[in-house]
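Chemist: with the sequence up front, the predicted model follows.
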Amino acid sequence: MLIDKVNEKQRELESDLQNSVTSSFDERISRLTQEQKTDYENKHKISYTISLCVGIICLIIVAIVAIVLNVSKSVQGDMDLLIFAIVAMIFFFVCSVIGFMSFIKLRKRSKQDIYNSYVKDEDKQFIAKNKIDIPKKAQDIVINDYFNSIGFSYTQSIPIIAAEGKWQFIFINSQTKQFKYLNLETDADVTVDFDSIVSYQIFEDSKEIVKSKSGDVLLGGLLFGVTGMLMAQNSQKEIERPVTSLKLVIRFNDFSQPQLTISFIDNNLPTYIKDYKSTLNSIYENLRLIYSNLEIIKRNGSQSVELSEIDKF
């Protein structure tokens, strides 16, 4: 499956990233400027100075608590307060010991160890920053390799944002007038000419809310989905319940592939999730983008197809 190739490519890119950093470590250490070395040394001094300060402050707190225990009869007479004071003394004493031990350990480090430590920290930040882009790079490489093998090219790509599943894409070639749907998880691959697209409809909770019969339909629901407003032309309908399903159905004039159903929400999208509104809004915006491109495709098809009323789910 294509998704397996994506995962394999992702691991390969992550390994290459790690190796590129590891292999150049000694070289980067040797090329450190005096300014960089001084900066690392100053940061190191700040670190062990903070450790020393923590140790001293905690020791002072221990001493203050001990003095209070010794001179205050009210504390000695209250068992709960006495236990609390003793526990506080032990805690701050341990903190002071840790602070002093950290100070001694950091103070003894050689300059070379200091340089190595900070360069390694920078390497970790570099790897973490660049790992974010690796999944997209991996899928782009696999998709392009796959398209080269089948002789397909595209002028526009639209990743499909769905509540479940993230490996679906729509590709459009405005030059050859071809439309392609690709699912990396299932290897589903649908390619049709523009003029093979007969109709396209949006179903929310199994009810048709937008269809392609009217060219001037306003996708108000896609604009204001998060507020529960669905608008088509001059009508309005308020939805006060969560969206349980959202699908785009595209029908083709092709016996081998008569219909394509793209599910954006298959099951009830939980309203209690932290980013419910932003997730739903992103899905609606993505659906609106795809629908708008289908409108453009329909107008640019080589032939005009008379649309008929299509039964609802």
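Modeler: All right, it came through fine. Bear in mind the structure is a predicted one, so any value in this text is a computation, not a measurement.

Chemist: which residues touch stretch 105-114?
Modeler: 37, 40, 41, 44, 47, 48, 51, 117 (CB atoms under 8 Å, 6 or more residues apart in numbering). (Each C-beta comes from the backbone N, C-alpha and C, glycine too.)

Chemist: could you rerun that using 10 Å?
Modeler: With CB atoms under 10 Å, 6 or more residues apart in numbering as the test, stretch 105-114 has contacts from 29, 37, 40-41, 43-45, 47-52, 116-117.

Chemist: give me the mean pLDDT for that stretch.
Modeler: Per-residue pLDDT values over stretch 105-114 give a mean of 83.

Chemist: mind saving the C-alpha coords of it as PDB?
Modeler: Extracted in PDB, the C-alpha atoms of stretch 105-114 (Å, rounded to 0.1, in the frame of the first residue of the first chain):
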ATOM      1  CA  LYS A 105      29.100  19.300  38.900                       C
ATOM      2  CA  LEU A 106      28.600  22.200  36.500                       C
ATOM      3  CA  ARG A 107      31.600  24.100  37.900                       C
ATOM      4  CA  LYS A 108      33.900  21.200  37.200                       C
ATOM      5  CA  ARG A 109      32.900  20.700  33.600                       C
ATOM      6  CA  SER A 110      35.700  21.400  31.100                       C
ATOM      7  CA  LYS A 111      35.200  24.000  28.300                       C
ATOM      8  CA  GLN A 112      35.100  21.300  25.700                       C
ATOM      9  CA  ASP A 113      32.300  19.500  27.600                       C
ATOM     10  CA  ILE A 114      30.400  22.800  27.700                       C
END
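
Chemist: and that stretch, what's buried?
Modeler: 106, 114 (16 or more other CB atoms under 10 Å).

Chemist: before we move on, back to that, just the closest of the contacts of stretch 105-114 to residue 177, please.
Modeler: residue 29 (56.4 Å; CB to CB).

Chemist: what's the helix or strand containing that closest one packed up against?
Modeler: Residue 29 belongs to helix 25-30 when assigned by DSSP states H and E. For helix 25-30, the packing partners by 3 or more CB pairs under 10 Å, 6 or more residues apart in numbering; DSSP states H and E come out as helix 111-131.

Chemist: the inter-axis angle of whatever helix or strand comes next after the helix it packs on versus helix 111-131?
Modeler: Downstream of helix 111-131, the first helix or strand assigned by DSSP H and E is helix 134-150. Angle, helix 134-150 to helix 111-131, by axes from the mean of the first three to the mean of the last three CA atoms, to 10 degrees: 50 degrees.

Chemist: so how far is helix 134-150 off the chain centroid?
Modeler: 19 Å (CA atoms, centre = their mean, to the nearest Å).

Chemist: contacts for the helix holding residue 29, please.
Modeler: The contact list for helix 25-30 (CB under 10 Å, 6+ apart) reads 21, 36, 112, 115, 116, 119, 120, 122, 123.

Chemist: on that earlier part again, taking the contacts of stretch 105-114 one by one, which sit in helices?
Modeler: Counting by DSSP state H, the contacts of stretch 105-114 place 29, 37, 40-41, 43-45, 47-52, 116-117 in helices.

Chemist: filter these down to the buried ones.
Modeler: Buried among the ones in helices among the contacts of stretch 105-114 (16+ other CB under 10 Å): 40, 44, 47, 48, 51, 52, 116, 117.

Chemist: so which two of these are the farthest from each other?
Modeler: It's 52 and 116 that sit farthest apart of those, by CB to CB, at 22.8 Å.

Chemist: coming back round to it: tell me which two of the contacts of stretch 105-114 sit farthest apart.
Modeler: For the contacts of stretch 105-114, the farthest-apart pair by CB to CB is 29 and 52; their separation is 27.8 Å.

Chemist: next up, the contacts around residue 179.
Modeler: Neighbouring residues of residue 179 by CB under 10 Å, 6+ apart: 154, 170-173, 190-194, 196-197, 250, 252, 260, 293-294, 297, 301.

Chemist: then the helix holding residue 29 to PDB, C-alphas only?
Modeler: The C-alpha trace of helix 25-30 is given here as PDB (Å, rounded to 0.1, in the frame of the first residue of the first chain):
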ATOM      1  CA  PHE A  25      29.100  17.100  14.900                       C
ATOM      2  CA  ASP A  26      32.900  17.100  15.200                       C
ATOM      3  CA  GLU A  27      33.200  19.500  12.300                       C
ATOM      4  CA  ARG A  28      30.800  22.000  13.800                       C
ATOM      5  CA  ILE A  29      32.600  21.800  17.100                       C
ATOM      6  CA  SER A  30      35.900  22.600  15.400                       C
END
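
Chemist: off-centre distance for that helix?
Modeler: 33 Å.
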